[in-house]
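Asker: Here is a sequence together with a model predicted from it:
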Amino acid sequence: MLKKMRKKAQNKKGFTLVELIVVIVIILILAAVLVPSLLKYVEKANKANCKADAATILSQLQADYAAGMAKDATGENAVDATYTVNGVTVTPDAAAPEKGKATYTIENEEITVFQYNNGTYTATWRAKKGTDTTVAGWEVKKNS
């Protein structure tokens, strides 16, 4: 009986080292193909998040600014230069904002350019085509 058990144990085979290395190489090749794609999706999601935050802040800023202009026309209240919207300080300035801040530019009593910097990306909104090649709408760039 003992001889039979030893014989069966000798016949059992496991994976060889070559087979394990081949499997590991295949997994590494798959990872090398998938990781760049996943990183692109993460970057795209971060850009969309920055743009969504900026759109929310801009919408509130425009509403506050319009309400301030209406009060200013009646002489009740002047429009403040600096706003705090969703915890973000928003100031009238054409320069690029610091991390976690936003700026806006006014022309003809209308907000024409709005920039928001969340530290990683800067979202810029333009109301109309400027003198450069930037068209109206949103543009999100990674900070260098």
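Answerer: Happy to help now that I have it. Numbers count the residues shown, from 1 in each chain.

Asker: just for this protein, where's the confidence low?
Answerer: Low-confidence regions of the chain, defined here as pLDDT under 70, cover residues 1-2, 5, 8-13, 71-80, 94, 129-135.

Asker: Give the other helices and strands that whichever helix in the chain runs longest contacts.
Answerer: Of all the segments assigned as helix in the chain under DSSP state H, the longest by residue count is helix 17-74. Secondary-structure packing of helix 17-74 (3 or more Cβ pairs under 8 Å, 6 or more residues apart in numbering; DSSP states H and E): strand 83-85, strand 88-92, strand 101-107, strand 110-117, strand 121-126, strand 137-142. For glycine as for every other residue, the C-beta is placed from the backbone atoms N, C-alpha and C.

Asker: For A123, give me its contacts.
Answerer: Shown in contact with A123 (Cβ atoms under 8 Å, 6 or more residues apart in numbering): C50, K51, D53, A54, A55, Q115, Y116, W138, E139, V140.

Asker: how near is it to A55?
Answerer: 8 Å (Cβ to Cβ, to the nearest Å).

Asker: G100 too?
Answerer: Distance of G100 to A55, computed by Cβ to Cβ: 17 Å.

Asker: do S144 as well
Answerer: Where A55 is concerned, S144 sits at a distance of 23 Å (Cβ to Cβ).

Asker: Neighbour count: these two, which is higher?
Answerer: Comparing S144 with A55 by neighbour count (other Cβ atoms under 10 Å), the higher total belongs to A55, at 15 against 3.

Asker: Next up, the contacts around P97.
Answerer: For P97, the contact set (Cβ under 8 Å, 6+ apart) comprises T91, T103, Q115, Y116, N117, T122.

Asker: Distance check, the fifth one against P92.
Answerer: Going back to what we said before, that points to N117. Using Cβ to Cβ, we find N117 at a distance of 16 Å from P92.

Asker: who has more neighbours, these two?
Answerer: Neighbours were counted for N117 and for P92 using other Cβ under 10 Å; N117 has more, 21 against 15.

Asker: looking at the sheet around that one, what are its partners?
Answerer: K101, T122 (DSSP bridges).

Asker: for K47, what are its contacts?
Answerer: Listed by Cβ under 8 Å, 6+ apart, the contact set of K47 reads Y121, V140, K142.
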